[in-house]
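please work out how this folds:
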Amino acid sequence: MEMTSSKERGEIMSEMRTKNIVERVNPTSFMSNTKTPRNIPCPCGSGIKSKRCCNGDETKMETSKNGIQKFREYCFEVSKELNMSISNPPTNETQILMSNDNSMISVRRDSFRINGKLVFGLYGLLIRVKDELQGQGIGTNIMKIRTEISKKYPFPLFLIPSVVDYEDDIYRNSKRLVENWDWIKDEDKDVSKEQLNHIKGQHKQIISNYESVDDTIRPRVKELKNQQLEKFYKRIGYEFVVYDEMNRGLMMMYNKKNKEVKTK
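You can find the predicted model right below:
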C-alpha cells in the first residue's frame, strides 16, 4: 500500500530546497556524467554486466526481470532477518510490504535520474513503529539491518527524511482509507488478514498523531522531526544527492563506501 505518491514526494522536496542543503550536495560523488560502459554492472540493479543485461536500454531497465528479482531477494532477506511477514504474492512485483507485531516497512524498486543517468535502487517508502514502542531502538535496528544487508546487493538505497504523520495529504489519505476500510480489505486479496489489520492500525496512528498537534505549531513540529531524521541518516552513512536537475530535487542515498553502519 503506497504511502508516498510522486506528487507527495515533490511536495516534500520543495520544503527541503533550501540554500544550505543545496550547497552541501555533490551529485557527482556517486555518478559520473558519461554513458554506461558495457562492462560495468547494469543500472537496473541486476548485478549483471550491462552488455548481457539491458545494454543501456532504459525501457528494458524499467521492467528488467533480473533487476526485479534482485530487489525481491533483498526484501526477502531483510524480512527474514527482522522476523517479518511479507505479502505473498506481493501487491506488485516492485513494491513490498513487511510487518510484524511491532513495526511495518514499505519499500519500492524505483528509478531516479542522477547527474543525467537513470539509476535504479530501493526507495524506502515507510518505516513505522508502534507509538508505545518508540524510543526503544526498534526503528534504528531496522535501518541498521536494512543498510548492512544492502552492501551485498548491486543497487543503492534511497530515501527522503520526512515524518509522514504531520503531512496534510498523508493524513487525508489515512482518513479516507480508514473510513472505507471494509471495501478496501475486500479488494486487497493479496495481503494477509494480519497485515491488513496492522496497516489499519498504522493509519489510525497517523490520524491520532496528526490530530494531537495544534495546526499553528504543526509545521514547526514537522520541521524539527525531519531535521532529527536527517541527522540520524547522515550518521549511518546517507548523503544528499540531486535527483532532479531541473527542479533541484533532493533525497538521500546510502554511500556503500562506508565500512560500518554507525547508529550512535
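
if I pick the residue nearest to I68 when sequence neighbours are not counted, what's in contact with it?
In space, not counting the residues next to it along the chain, I68 is nearest to E93; the distance is 5.2 Å by CB to CB, 6 or more residues apart in numbering. For the C-beta atoms, the positions are set from N, CA and C on the backbone; glycine is no exception. If you count contacts by CB atoms under 8 Å, 6 or more residues apart in numbering, E93 has them with 68, 72, 109.

all strands of the stretch 151-264 of the chain, in order?
All strands of the stretch 151-264 of the chain, identified by DSSP state E, counting those that start in this stretch, fall at 157-159, 238-244, 249-254.

what's the closest of those strands to L118?
Across the strands of the stretch 151-264 of the chain, the minimum distance to L118, taken as CB to CB, is reached by strand 238-244, at 10.4 Å.

so, low pLDDT: which residues of the stretch 151-264 of the chain?
Applying pLDDT under 70 to the stretch 151-264 of the chain flags the ranges 164-166, 184-192, 195, 244-249, 257-264.

that older thread, so which of the strands of the stretch 151-264 of the chain comes closest to R128?
Evaluated with CB to CB, the strands of the stretch 151-264 of the chain place strand 157-159 nearest to R128, the distance being 13.9 Å.

can you list the strands that the closest one pairs with?
When pairing is defined by DSSP bridges, strand 157-159 lines up against strand 117-129 (parallel), strand 249-254 (antiparallel).

just put those strands in TSV and tack on mean neighbour count and distance to C44.
As requested, the strands paired with strand 157-159 are exported to TSV (neighbours: other CB atoms under 10 Å; distance: least, CB to CB, whole Å):
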stretch	mean neighbour count	distance to C44
strand 117-129	22	5
strand 249-254	22	17
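
could you dump the ones you listed to CSV with distance to V163?
Compiled in CSV, the strands paired with strand 157-159 are given as follows (distance: least, CB to CB, whole Å):
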stretch, distance to V163
strand 117-129, 10
strand 249-254, 14
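
quick one: which of those strands is nearest E148?
Put simply, out of those the one that sits nearest E148 is strand 249-254, at 10.3 Å, with distance taken as CB to CB.

and the angle for that closest one with strand 238-244?
Direction vectors for strand 249-254 and strand 238-244, defined by axes from the mean of the first three to the mean of the last three CA atoms, to 10 degrees, enclose an angle of 140 degrees.

pLDDT of the helix or strand that F76 is a member of, averaged?
Mapping F76 onto the secondary structure by DSSP states H and E places it in helix 65-81. The predicted model assigns helix 65-81 a mean pLDDT of 93.

can you give the contact residues for the next helix or strand after it?
Using DSSP H and E, the helix or strand that follows helix 65-81 towards the C-terminus is strand 85-86. If you take CB under 8 Å, 6+ apart as the criterion, strand 85-86 is touched by 75-76, 79, 96-100, 192, 194-195.

so for strand 85-86, mean pLDDT?
So the average pLDDT for strand 85-86 ends up being 82.

quick one: contacts for the spatially closest residue to N83 that is not a sequence neighbour?
Nearest residue to N83 in three dimensions, chain neighbours excluded: N100, at 5.8 Å (CB to CB, 6+ apart). Taking CB under 8 Å, 6+ apart as the contact definition, N100 lies against 82-85.

any of the residues you listed buried? List them.
Buried residues within those, defined by neighbour count using 16 or more other CB atoms under 10 Å: 82, 84.

want to throw the contacts of N100 into a markdown table with distance to G137?
As requested, the contacts of N100 are exported to a markdown table (distance: CB to CB, whole Å):
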| residue | distance to G137 |
| --- | --- |
| L82 | 13 |
| N83 | 16 |
| M84 | 17 |
| S85 | 22 |
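
of the contacts of N100, closest to L250?
L82 (28.2 Å).

so L97 belongs to a strand, correct?
Yes - when the secondary structure is assigned by DSSP: H, G, I helix; E, B strand; the rest coil, L97 falls within a strand.

give me the neighbour count for it.
Other residues near L97 come to 28 when the count uses other CB atoms under 10 Å.

which strand residues bridge it?
Note on L97: beta-bridge partners by DSSP bridges are S106.

doesn't S106 make contact with it?
Yes - because the distance of 5.2 Å satisfies CB atoms under 8 Å, L97 is recorded as touching S106.
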